[in-house]
Every structure is written in C-alpha cells, then in structure tokens.
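Trainee: Sequence first, then the predicted structure, then my questions.
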Amino acid sequence: MGKALSRSNGGDRYVILQNADINVTPFVDVMLVLLIIFMVSIPPATAALKLDLPVGTPPTSPTQPPVYVSVAADGSIFLAGAVSKPTSREALVADLTAALNTRYPENAADPHRNQVMIRADADLEYGRFTAVLNQLESAGYLNIGLISEEQS
C-alpha cells in the first residue's frame, strides 16, 4: 500500500493518507502460472469399460456387384454393371429399376438392397450431380456410393 502526502487546512503540516488499492497484477500472474501447471500435470480422465461384444457373422448371401451410374460433363447418363446402356435423367429411375429387376429378381420388391455407385465427370456442374443423386434417393435407392478418382 502506498502512502501519499497532502497539505492540511491549517498551515505547514502535512497529513499522510493511505492508498487502499490492491495491486492485482502479481496475483493474476501467479494464478495463470498455477493454472498452466495444473493443466499440464493432471492426466486426462479415462475410464476403462469391459465390453462383451458379439462375434460378427458374415452375410449369408454373397454380395451383388453394384450398378454404376456415370454422369458425363454434358449431363448425359450411362448405366453400367448389371446392364450397359445410355439413359436420360427423366428415364433414369425406370431404366435402373428395370435393369436391376432383370439382373437381380430377388431384390425386385426391395430397392434398398441394391447398391448403386455414382461417378461423375470432374467438369460436371454440382447442381446436375445433386439432381441425379436426389432423384435416386427419392425413388428409394438409399444404398448409394460415390466414386472419386484421382486427378492425374
């Protein structure tokens, strides 16, 4: 605490006044150092749980090869895999369903089991790609994979 001198009302005498402000800078410095020390020295909380997970079983039916939907930069669509043929965006779902029903008749009632892979040209507009993807999803084809190829 600092002391200050002030002139009193009566003449030559000085009165010593007390300054009651606390200097908090050293306190903050010490607290920050302690915080850093505790953060570094305390190990992270880890909990060990013993889990008895069931053993995985392989699928009973062999996996079917996927159907590939290729979208070119100009927007033209080509089916490959189960059947190889060009198609349009309007006829995509009908052609894909017909191709899958002839190739995999056991999945005709459930299109969720059919796997469809989509690959698109690098120069294709994103809006055209998402339109094809949304069209397949709205038709019930939810097992969709995206194929990306490295640029050389």
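Mentor: All right, it came through fine. No experiment lies behind these values; they were computed from the predicted model shown.
Trainee: All the helices of the protein, residue numbers only.
Mentor: Remark: helices assigned in the chain by DSSP state H are 25-41, 92-103, 126-138.
Trainee: Report all helices and strands that the second one contacts.
Mentor: Spelled out, that is helix 92-103. strand 67-71, strand 77-80, strand 85-87, helix 126-138 (3 or more Cβ pairs under 8 Å, 6 or more residues apart in numbering; DSSP states H and E). C-betas here are computed from N, CA, C, even on glycine.
Trainee: Out of the ones you listed, indicate the one that is most buried.
Mentor: strand 67-71 (a mean of 20; mean count of other Cβ atoms under 10 Å).
Trainee: Out of the helices and strands packed on helix 92-103, which gets nearest to residue 55?
Mentor: strand 67-71 (32.0 Å; Cβ to Cβ).
Trainee: Per the annotation, how does the protein divide into domains?
Mentor: Under the assignment automatic domain parsing, the domains of the chain span 3-39, 67-147.
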